[in-house]
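Trainee: Can you look at this prediction? I've put the sequence above it.
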2 protein chains.
Amino acid sequence: MKSNPNFSGVIAPVVTPWGTDGAPDLDRFVEHCEWLLEDGCTGLAPFGTTSEGNSLGLDERMEMLEDLVDSGVDPKRLMPGTGACSVSDAIVLTEHAVDLGCGGVLMLPPFYYKNPSEEGLFRFFAEVIEDVSDDDLKIYLYHIPPIAQVGFPLSLVQRLVKEFPETVVGLKDSSGDWSNTKAILDAVPNFEVFPGSEVFLLDGLRNGAAGCISATANVSARSIRKVFDNWQGPDADQLQAETTALRKAIQGWPMIPVLKALIAHYRQDPGWAKARPPFTALSEEDAAKAISTLADAHGFKLEFAEAA
Amino acid sequence: MKSNPNFSGVIAPVVTPWGTDGAPDLDRFVEHCEWLLEDGCTGLAPFGTTSEGNSLGLDERMEMLEDLVDSGVDPKRLMPGTGACSVSDAIVLTEHAVDLGCGGVLMLPPFYYKNPSEEGLFRFFAEVIEDVSDDDLKIYLYHIPPIAQVGFPLSLVQRLVKEFPETVVGLKDSSGDWSNTKAILDAVPNFEVFPGSEVFLLDGLRNGAAGCISATANVSARSIRKVFDNWQGPDADQLQAETTALRKAIQGWPMIPVLKALIAHYRQDPGWAKARPPFTALSEEDAAKAISTLADAHGFKLEFAEAA
């Protein structure tokens, strides 16, 4: 692992709760963020894919982030998603996050136009970096080709790191392809690489990764954190096997809806299950099945000190 | 064709000029829009795919539209792109367009999350329609699976039309698949269907389409318009063959950069060639080759009364 990394450990792309009016529910959001930090997360990545981040408007994202920082969460532990299809929107969001003191930002490439040239993608990030023009800006590239379709080829990562070594400091690899994660770890020294799933956490740590940023950390940070805390210990492989099994069980349902169904159930707060279009909540039947399956097979439950 | 359609004919997804500061160039934009209406366009669709629409920020789009309406262009001839990944952004843009009196809006589906359920997409549009809640709102669904990846299956089109017959009035089909266009024309009566390329214009008109919305209308509206004006005449097939040949020749280069290179050349205004990342301008060599090839093989040139 990089010595003295900016971020490391277990980071959750925080799921977004919605109020009855369809707007983000700020109270539930802050409460969930605080709970995640108690449950084992070392950092939070609001407005990621699992956060329905691209279903949020610009103003909504900025208000949520301000509320979170106002609530007392250390902004150095926050890595909000600030990528956008439009370089001007990406600049607005990135500047806002830096002004709030966020430890980093997680940036998607512009993802509407497919097969952009490497030069065009390089210029996009160069424009953001030059426009924000702040030494405190720390960018984590968000590589998620299964969804964004547009990704970061290794040569682009290397060019960005070479040109902006103090700013482009890491990458989240949600390709699901360990060989890609390994290639980046091998080729880019002193770079904070986070696999996008805890399934690759132990392999990642053994090869220099900084931790993982994973959807399921919204409900299983405690289990993932055990791997991170003990990765050089004798139980590492056993702990990894347990967290991998839990991840694979959760993946049996659509990820965002099932995470929300689990939180809604264990918080006894049905409103948590709501999703914004184009997502829909899990059916009651599927939610009940997910809850009982995970409890029976993995002893899974969530504990909230102050559940409603 | 639908009797008394809201839009018909030749509609250009207006290319966006950029100033030296990287912001949209409002003067060049309005000038190009006015010229397009003189050159044969019956309507304009700013902020489409060819407009680098998704490379524009929300505020930028709204300012451009206000400037265009202020310049005296009849808003009833405008069908701005107001789709977005976020339903809240889509509502802001759609409401703004309706308030300005736009004849319609061209809406992409939310395109970040792939393989959304039909129910989720239906709810997205239902939320926009119910939130804007204005009889003047006329939505054209923007089906462009090669780029957006997320499209409108026929069953979703039918459900939206059935639920909102006064609002969901048409569709732009940029699938490039004539059998899909034909299926919609056959299955949805009184619907304003626009193929996304003039290649399908005559076939479209003969099967009830309302016209076409085409990237190349930025430089060849005059040629496309001849097909529309004469589609029931004896020369229709010959006119279609000519405009198809021109389209296919232009397609030999990347679409957005070549359109801008042509406008820059014939306006003697090199700044027009600029693109916003992730796009880059054509190289000077490619631009020169495109210009000479099109001039030699198709007698192609653009005429500007008041060229700089």
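Mentor: Structure received. All figures in this text were calculated on a predicted structure; none of them were measured in a lab.

Trainee: my guess is A:Ile91 contacts A:Ala126, does it?
Mentor: No: under the criterion of C-beta atoms under 8 Å, A:Ile91 lies out of contact with A:Ala126, with a separation of 11.8 Å. (Each C-beta comes from the backbone N, C-alpha and C, glycine too.)

Trainee: Settle it for me: which of the two has more neighbours?
Mentor: With other C-beta atoms under 10 Å in any protein chain shown as the criterion, A:Ile91 and A:Ala126 differ in neighbour count, and A:Ile91 comes out ahead with 20 against 16.

Trainee: Where does that one sit, in terms of helix or strand?
Mentor: A:Ile91 is part of helix A:87-99, with elements assigned from DSSP states H and E.

Trainee: Tell me the buried residues in that helix?
Mentor: For helix A:87-99, a neighbour-count test (16 or more other C-beta atoms under 10 Å in any protein chain shown) marks A:Val87, A:Ser88, A:Asp89, A:Ala90, A:Ile91, A:Val92, A:Leu93, A:Thr94, A:Glu95, A:His96, A:Ala97, A:Val98 as buried.

Trainee: Among those, which one lies nearest to B:Ile139?
Mentor: A:Asp89 (23.1 Å; C-beta to C-beta).

Trainee: so what's that closest one up against?
Mentor: Neighbouring residues of A:Asp89 by C-beta atoms under 8 Å, 6 or more residues apart in numbering or on different chains: A:Leu58, B:Gly57, B:Leu58.

Trainee: Phi first, then psi, for the first one.
Mentor: Okay, so that is A:Leu58. Backbone dihedrals for A:Leu58, given as degrees, to the nearest 10, come out at phi -60, psi -50.

Trainee: burial measure for it, as a count.
Mentor: The local packing of A:Leu58 (other C-beta under 10 Å) involves 21 other residues.

Trainee: That one touches A:Thr94, doesn't it?
Mentor: No: when contacts are counted by C-beta under 8 Å, A:Leu58 is not listed as touching A:Thr94 (11.5 Å).

Trainee: how about the helix holding A:Ile91 as CSV, C-alpha atoms only?
Mentor: Coordinates of each C-alpha in helix A:87-99 appear next as CSV, following Å, rounded to 0.1, in the frame of the first residue of the first chain:
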residue,chain,number,x,y,z
VAL,A,87,-17.3,19.5,-18.1
SER,A,88,-19.1,22.6,-16.8
ASP,A,89,-21.3,20.6,-14.4
ALA,A,90,-18.2,18.6,-13.3
ILE,A,91,-16.4,21.8,-12.5
VAL,A,92,-19.3,23.2,-10.4
LEU,A,93,-19.6,19.9,-8.4
THR,A,94,-15.8,19.5,-8.0
GLU,A,95,-15.2,23.1,-6.9
HIS,A,96,-18.0,22.8,-4.4
ALA,A,97,-16.6,19.6,-2.9
VAL,A,98,-13.1,21.1,-2.6
ASP,A,99,-14.5,24.3,-1.0
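
Trainee: if we look at the helix or strand following that helix, which residues are touching it?
Mentor: Using DSSP H and E, the next helix or strand after helix A:87-99 towards the C-terminus is strand A:105-107. For strand A:105-107, the surrounding residues in contact (C-beta under 8 Å, 6+ apart) are A:45, A:47-48, A:79-83, A:90, A:93-94, A:97-98, A:125, A:128, A:137-142, A:172, A:213.

Trainee: Perfect, I'm done here.
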